[in-house]
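Peer 1: Turn this into a structure:
(one chain, ligands or ions: 1)
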Amino acid sequence: MQELASKYDILKVIGHGGFSAVFKARSKEDPEHVVALKQLDFVLTSETAKEYTDFKNEVEILKQLDHPNIVKIYGEYILDNKPSLEMEFVDGETLETLLQRDGYFSIEDTMDVIAQMASALSYCHHYYVSGNMPQRKGTDSVIINRNAIIHNDINPKNIIRTKNEDGLYRYVLIDFGLSFVDPAAVRHSKKEDGMAEYKAPEKWRGALVDTPSDIYSLGVVIYELLTGAVPFPVKDYKQTNEMAALEEKHKAAPVPDLCDARMDAFREKTSEPAEDCDIPAWLALLVQTCLEKEPAKRFKTGRELAQFFYNGLDGKIEITEKEAPGSVIDIDPTIAEKKGASLEVQSNILTEAQQFFIEKDYSTIGRRNDLPGAETADFSIRTSDRFISKNHCQIIRRADAEGGYTYFLQDKMPSKNGTFFNTDKNTIRLSATTEAALKEGDYFWVGNTKLIFHQS
Ligand SMILES: Nc1ncnc2c1ncn2[C@@H]1O[C@H](COP(=O)(O)OP(=O)(O)OP(=O)(O)O)[C@@H](O)[C@H]1O
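Peer 2: Prediction:
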């Protein structure tokens, strides 16, 4: 037991919440040693209380962690009869502050956060904890499970952005959900409610918390970075009906469309119409996978998340086909009577199977947009594939000498993501001026969607 004032000079009060105060402090022994000091608002009556010994054991483990994206824990003391953590002082702003200021993040900045947080979680989810450490059960706060370390409290308040000497941003995960900070007595308190929007379905269900619970919470943070709002927001934590609704949503409701939410945020911020959603399909799939209700369907650890992320960046994520290639759903009841050239859309998880008959000299092709007043292509494809523009390419029909027609494919203007003719997607794109003559069986890619041309 020591006096805080005998060990440190307080330079600044960084924050004072319901559970703790955080100070920027300088060690009296070593003035070079500037730290963040977190002092829990809990007066210890005994140094041998089980909660406190568990806390001490957990801090012992956290002290061993050494990763640039995880706050370095230096030690644990009892100062002024209160448990206190001495740690690296991270000079920067939390994601919460940045979101409040900027609304939402660019794709590049979001990817930077994902890469760094996936790395941090990969490290602690695969950290081998040896020895006889506390293994917890149920929904209780838990940082150690099956020899993995779980953060257990990922939210935008607990990620600080700082700048390295090289000018690059470093994101640092702080505030592991230590057992002592969340004893039964303070559950359902402000702290618990504050993280409810980030809380994984299995936590609501009272099931075992494990590494995928961190993945879910990080998924909520990524969703918020991309759209400026969590998928299931709460206005008033004190309203039990709101909390019950929130629980139901986390457990069962579909996640609101990420791209729609981003475009709403864009419109709100700029008062301009959002042209196209800029979230790559693989990134949308990454967020969707993080936010799966069943932990087994999520990335299991930070490492799996990182692997998917880098595969996505390298263009290696194939959007898998939902149905056998070539299956066509006829939605137009008159379709059987129609004749002439047509386009067949092959279904995949983003796009429905569809068929379109070419009945005009110029038929534009693009992504369907149901927003009022939105420009509609002649063939507006039902898809959530954001790599397809609303006005992507067109088919030109020209009368030939025999009284029939020949057909040509042309990219539009050029389109943002290109049209790829008789080739693998994302290989050789059509130039805007090329008119590619079409014959039966020719195919082309718009985004992740394959269209096949049929002469009759
Ligand atoms: N190592 C650190 N370096 C710099 N600032 C920190 C550090 N740890 C915490 N802070 C900042 O101190 C403030 C208070 O932190 P604390 O973790 O107590 O916040 P909280 O989440 O509101 O509290 P609680 O622990 O009750 O959840 C926050 O602004 C946080 O960003």
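Peer 1: what does stretch 278-288 contact?
Peer 2: 107, 110-111, 114, 219, 222-223, 226, 255, 258-259, 262, 305, 308-309, 311-312, 317, 319, 350, 384-387, 447-448 (CB atoms under 8 Å, 6 or more residues apart in numbering). C-beta here means a position set from N, CA and C on the backbone, and glycine is covered the same way.
Peer 1: Filter those residues down to just the buried residues.
Peer 2: Buried by 16 or more other CB atoms under 10 Å: 110-111, 114, 219, 222-223, 226, 255, 258-259, 262, 305, 308-309, 312, 317, 319, 350, 384-387, 447-448, out of these.
Peer 1: To which secondary structure element type does the residue of the stretch 51-200 of the chain found nearest the ligand belong?
Peer 2: Per CB to the nearest ligand atom, Val90 is where the stretch 51-200 of the chain lies closest to the ligand, at 3.8 Å. At Val90, secondary structure determined by DSSP: H, G, I helix; E, B strand; the rest coil is coil.
Peer 1: related to what we said a few turns ago, so which of the buried ones among the contacts of stretch 278-288 are in helices?
Peer 2: Among these, the members falling in helices (DSSP state H) are 110-111, 114, 219, 222-223, 226, 258-259, 262, 305, 308-309, 312.
Peer 1: and this protein, what are its domains?
Peer 2: Following automatic domain parsing, one finds the domains of the chain at 4-88, 93-313, 338-454.
Peer 1: Just put the ones you listed in JSON lines and tack on mean pLDDT.
Peer 2: Shown next, in JSON lines, are these (pLDDT from 0 to 100):
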{"stretch": "domain 4-88", "mean pLDDT": "89"}
{"stretch": "domain 93-313", "mean pLDDT": "86"}
{"stretch": "domain 338-454", "mean pLDDT": "86"}
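Peer 1: how about the helices in this protein?
Peer 2: Using DSSP H, helices in the chain cover 4-7, 50-64, 95-102, 107-125, 190-194, 201-205, 211-227, 240-252, 258-270, 281-290, 302-313.
Peer 1: ok, Tyr104 to Glu224 distance?
Peer 2: With distances taken as CB to CB, to the nearest Å, Tyr104 is found 8 Å from Glu224.
Peer 1: What of Val345?
Peer 2: Val345 is 33 Å from Glu224, by CB to CB.
Peer 1: tell me the contacts of whatever residue of the stretch 351-456 of the chain ends up closest to the ligand?
Peer 2: Going by CB to the nearest ligand atom, the ligand is nearest to Arg386 of the stretch 351-456 of the chain, at 33.9 Å. Listed by CB under 8 Å, 6+ apart, the contact set of Arg386 reads Cys259, Asp276, Cys277, Asp278, Ile279, Pro280, Ala281, Ala284, Arg367, Gly447.
Peer 1: In strands, which of the residues you listed appear?
Peer 2: Within these, residues falling in strands by DSSP state E are Arg367.
Peer 1: Thr240 versus the residue positioned nearest the centre of the chain, what's the distance?
Peer 2: Residue closest to the average C-alpha location in the chain (CA atoms, centre = their mean): Ile222, at 3.1 Å. Distance of Ile222 to Thr240, given as CB to CB: 29 Å.
Peer 1: Provide the count of other residues in contact range of Gly2.
Peer 2: No, residue 2 isn't Gly; it's Gln. Residues lying near Gln2 (other CB atoms under 10 Å) number 13.
Peer 1: Grab the nearest non-local neighbour of it.
Peer 2: Leaving aside its chain neighbours, Gln2 sits nearest to Leu79 (5.6 Å; criterion: CB to CB, 6 or more residues apart in numbering).
Peer 1: List the contacts of that neighbour.
Peer 2: Counting by CB under 8 Å, 6+ apart, Leu79 makes contact with Gln2, Glu3, Leu4, Lys7, Leu37, Gln39.
Peer 1: ok now do the nearest residue to the fourth one once chain neighbours are set aside, which residues does it touch?
Peer 2: Same thing as Lys7. Once flanking residues are discounted, Lys7 sits nearest to Lys28: 6.0 Å by CB to CB, 6+ apart. Applying CB under 8 Å, 6+ apart to Lys28 gives the contacts Ser6, Lys7, Tyr8, Asp9.
Peer 1: and the protein, which of its residues are near the ligand?
Peer 2: Contacts of the chain with the ligand, taken as CB under 6 Å from any ligand atom, map to 14-15, 17-20, 22, 36, 71, 87-90, 94, 157, 160, 174-175, 181, 191.
Peer 1: now do 5 Å
Peer 2: Within the chain, the positions near the ligand by CB under 5 Å from any ligand atom are 14-15, 17, 19-20, 22, 36, 71, 87, 89-90, 94, 157, 174-175, 191.
Peer 1: From those, which land in strands?
Peer 2: Ile14, Gly15, Ser20, Val22, Ala36, Met87, Thr94.
Peer 1: of the residues you listed, buried ones?
Peer 2: Judged by 16+ other CB under 10 Å, buried ones among these: Ser20, Val22, Ala36, Met87, Thr94.
Peer 1: Since that was my last question, I'll sign off now.
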